[in-house]
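Peer 1: generate a structure from the sequence data that follows.
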Amino acid sequence: SLRPDLVPPDIAGELRKLQDEASPFPFSEVRAQIESELGRPLTALFREFEERPLAAASLAQVHRARTRDGELVAVKVQRPGIREVIEADLDILFELARLVERRLPGGELYDPVGAVEEFARTIRAELDFTREGRHMEIFARNFAGDETIYVPKVFWEYTTPRVLVMEYIQGIKISDLEQLEAAGLDRKAIARNGAQAILKQVFEHGFFHADPHPGNLLVLPGNVIAPLDFGMMGRLDEELRTQVAELLAAFVKKDVDGIIGVLREMGSLDAGVDTQALRAELSGLIDYYYGIPLKRLDFRRIFEEGMALVRNFQIRIPRGLVLMGKALVTEEGVGRMLDPDFDMVSMAKPYVQRLLLQRYDPRRQLAKWLEILAGYQRMLARLPADVQAALAGLVELGRTSAARGEERSRDRLSLALVIAALFLGSSLILQSGTGPQLWGMPVLGLLGYAGVAILVGWLLWGLRSGRG
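Peer 2: Numbering: from 1, shown residues only. Here you go, the predicted model:
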């Protein structure tokens, strides 16, 4: 449901229902799970424990309780036996994925096995509730000092891989507009706070809540937003955040070649992709939406059309980037629900501009070159030993050739030295990352390696045939 680049939106919607809506499991199983995990009777752990769950989903359900110290908490309990069910389902999915790769023409282009492997990693991580607790701590640290966001506290003494106990938040659902009005809260301010929060997460922290739908957002006094459910988080490293900014800037400038260039830099396009057709599709998409007033733009539709284009051209989009797009679109929808005049694009501009400026910051460039020089230093430190080993092999080759009375041995030795020099030079070019790029690598370095391959083949052919 969180990979619209792989499945159409209607199927993703149905999968989402399975994820968020499930029948609760009996309280007897809740009690058994908690007591098994914490090693103590439920009554010894909690002064009060509500048998009726607050919410139930496919992986877990949540109960309200009060600790022996009087703290009001939310207790998330994993559904018993769900791990075994998921592992059995994963086995079936892997078999189906391998079948698709073998039997369906072009099926390998979609990398179904890779998609299942990614899903397996994600779902297994979600089954470890200590990981979710750690996500909450990282999120809270990132927003330390920000009075517009409140993250529930984790009670680690009650938390295990199958049980998560956190502070119970008494707030108003962000979608309950009447209650927000009755409480005297400012809907426009709430929309701004939510947008600023997701933009900071994506463009500054690189660690963001991947599912900020209204059911996961509560509003506290002072227009403070309290996000819930930190099981699914997205990550973007600094390089990917900058590439996102470049993609957005190219889209605004109607620079189709710029978009394709960034996609190539990201390694998202196969060598055989029809760039002419892709260019035409991108131009059509941009032209259709360009100039439409922001109030009339349907960002969810734009996102879905973009994902359809990704599927049609087998563009490999990093998982973090897909989750980012979905999170931003979801937050934009929440903002418009709260404030019809909400403008997410204007709020995002400063973040994008800062990232683009940082890319060409002299200090950042200096740090990058120092990193490259450090790589050269490590390579040069190994160079004497590498050259000595290579020369020893070449000398042995020369001796063997001389012993056999081959007059052309010196020519072969010279050719071998040329090959070694060309290989080392090409390696240095690739390490530097400078010059024209192809598939994200310097063209000169690639050409050098191609030349090495040809010369090595020629040398080996000569040795075997007794020629050259």
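
Peer 1: and the strands in the chain?
Peer 2: For the chain, the strands defined by DSSP state E cover 46-49, 55-56, 60-67, 72-78, 163-167, 172-173, 207-209, 217-220, 224-227, 233-235, 437-438, 441-442.

Peer 1: same question for the last one, mean pLDDT?
Peer 2: Along strand 441-442, the predicted local confidence has a mean pLDDT of 62.

Peer 1: ok so, going back, any idea which of the strands of the chain gets closest to K349?
Peer 2: Set against K349 and scored by CB to CB, those come closest in strand 207-209, at 18.5 Å. Where you see a C-beta, it was placed from the backbone N, CA and C, and this is true even at glycine.

Peer 1: give the buried residues for the closest one.
Peer 2: Buried residues in strand 207-209, counted by 16 or more other CB atoms under 10 Å: 207-209.

Peer 1: and E117, which of the strands of the chain is closest to it?
Peer 2: strand 233-235 (17.3 Å).

Peer 1: average pLDDT across the closest one?
Peer 2: Across strand 233-235, the average pLDDT comes to 93.

Peer 1: need the buried residues of strand 207-209 in CSV with pLDDT, can you?
Peer 2: As requested, the buried residues of strand 207-209 are exported to CSV (pLDDT from 0 to 100):
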residue, pLDDT
F207, 97
F208, 97
H209, 96
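
Peer 1: just to revisit the earlier point, as CSV, the strands of the chain with distance to M307 would be great.
Peer 2: Below are the strands of the chain laid out as CSV (distance: least, CB to CB, whole Å):
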stretch, distance to M307
strand 46-49, 43
strand 55-56, 28
strand 60-67, 28
strand 72-78, 31
strand 163-167, 32
strand 172-173, 28
strand 207-209, 18
strand 217-220, 24
strand 224-227, 24
strand 233-235, 16
strand 437-438, 26
strand 441-442, 28
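
Peer 1: residues in contact with E35?
Peer 2: 41-42 (CB atoms under 8 Å, 6 or more residues apart in numbering).

Peer 1: again but with V77, I slipped
Peer 2: 30, 33-34, 60-63, 162-163.

Peer 1: what distance do you get for it to S28?
Peer 2: Distance check for V77 against S28: by CB to CB, to the nearest Å, it reads 12 Å.

Peer 1: same check, this time on T275
Peer 2: T275 is 61 Å from S28, by CB to CB.

Peer 1: for stretch 214-223, C-alpha coordinates in PDB please.
Peer 2: What follows is stretch 214-223, C-alpha atoms only, in PDB (Å, rounded to 0.1, in the frame of the first residue of the first chain):
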ATOM      1  CA  PRO A 214      -5.200  12.100   9.800                       C
ATOM      2  CA  GLY A 215      -5.600   9.000  12.000                       C
ATOM      3  CA  ASN A 216      -2.000   9.300  13.000                       C
ATOM      4  CA  LEU A 217      -2.100  13.000  14.000                       C
ATOM      5  CA  LEU A 218      -3.600  14.500  17.200                       C
ATOM      6  CA  VAL A 219      -3.800  18.200  18.000                       C
ATOM      7  CA  LEU A 220      -3.000  19.500  21.500                       C
ATOM      8  CA  PRO A 221      -3.600  22.900  23.100                       C
ATOM      9  CA  GLY A 222      -1.600  25.700  21.400                       C
ATOM     10  CA  ASN A 223      -2.100  24.100  17.900                       C
END
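
Peer 1: only the buried residues of that stretch, if you could.
Peer 2: By neighbour count with 16+ other CB under 10 Å, stretch 214-223 contains the buried residues 216-220, 223.

Peer 1: among T275 and S28, which residue is more densely surrounded?
Peer 2: T275 (15 against 9; other CB atoms under 10 Å).

Peer 1: wait, what's in contact with the residue sitting nearest the centre point of the chain?
Peer 2: Note on the chain: the residue nearest the mean C-alpha position is G320, at 1.9 Å, using CA atoms, centre = their mean. G320 makes contacts with 234-236, 240, as judged by CB under 8 Å, 6+ apart.

Peer 1: and I149, by the same measure?
Peer 2: 143, 193, 197, 224-227.

Peer 1: what about A115, distance to A97?
Peer 2: A115 sits 7 Å away from A97, going by CB to CB.

Peer 1: ok, Q353 next?
Peer 2: Q353 is 42 Å from A97, by CB to CB.

Peer 1: who has more neighbours out of the two?
Peer 2: Taking other CB under 10 Å, Q353 and A97 do not tie; A97 has more neighbours (20 against 12).

Peer 1: need the nearest residue in space to the more buried one, chain neighbours excluded.
Peer 2: Nearest residue to A97, sequence neighbours excluded (CB to CB, 6 or more residues apart in numbering): P112, at 3.8 Å.

Peer 1: and that neighbour, how many neighbours?
Peer 2: Around P112 sit 20 other residues, with neighbours defined as other CB under 10 Å.

Peer 1: wait, isn't it in contact with R102?
Peer 2: No: assessed by CB atoms under 8 Å, P112 is found out of contact with R102, at 10.4 Å.

Peer 1: ranges for the helices of the stretch 151-300 of the chain?
Peer 2: 177-182, 187-200, 238-252, 256-265, 275-289, 299-312 (DSSP state H, counting those that start in this stretch).

Peer 1: now do the second one, average pLDDT.
Peer 2: What that stands for is helix 187-200. 97.

Peer 1: list the contacts of stretch 125-136.
Peer 2: The contact list for stretch 125-136, computed with CB under 8 Å, 6+ apart, reads 59-60, 76, 78, 82-83, 86, 151-152, 154, 156, 159-164, 166, 230-233.

Peer 1: how about low-confidence regions in the stretch 301-450 of the chain?
Peer 2: For the stretch 301-450 of the chain, the stretches flagged by pLDDT under 70 are 360-446, 449.

Peer 1: quick one on the thing from earlier: quick one, which of the strands of the chain is nearest to A245?
Peer 2: So among those, strand 207-209 is nearest, using CB to CB, at 15.0 Å.

Peer 1: that closest one packs against which elements?
Peer 2: The contact analysis (3 or more CB pairs under 8 Å, 6 or more residues apart in numbering; DSSP states H and E) places strand 207-209 against helix 129-142, strand 233-235, helix 319-338.

Peer 1: how about the longest one, which residues are buried there?
Peer 2: Burial within helix 319-338, assessed by neighbour count using 16+ other CB under 10 Å, is assigned to 319-336, 338.

Peer 1: re earlier: mind putting the helices and strands packed on strand 207-209 into a markdown table with distance to F313?
Peer 2: Converted to a markdown table, those look like this (distance: least, CB to CB, whole Å):
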| stretch | distance to F313 |
| --- | --- |
| helix 129-142 | 33 |
| strand 233-235 | 23 |
| helix 319-338 | 15 |
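
Peer 1: between those, which gets nearest to D176?
Peer 2: helix 319-338 (10.8 Å).

Peer 1: okay, the contacts of G320 in a markdown table with distance to R40 next?
Peer 2: Shown next, in a markdown table, are the contacts of G320 (distance: CB to CB, whole Å):
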| residue | distance to R40 |
| --- | --- |
| G234 | 36 |
| R235 | 36 |
| L236 | 41 |
| L240 | 45 |
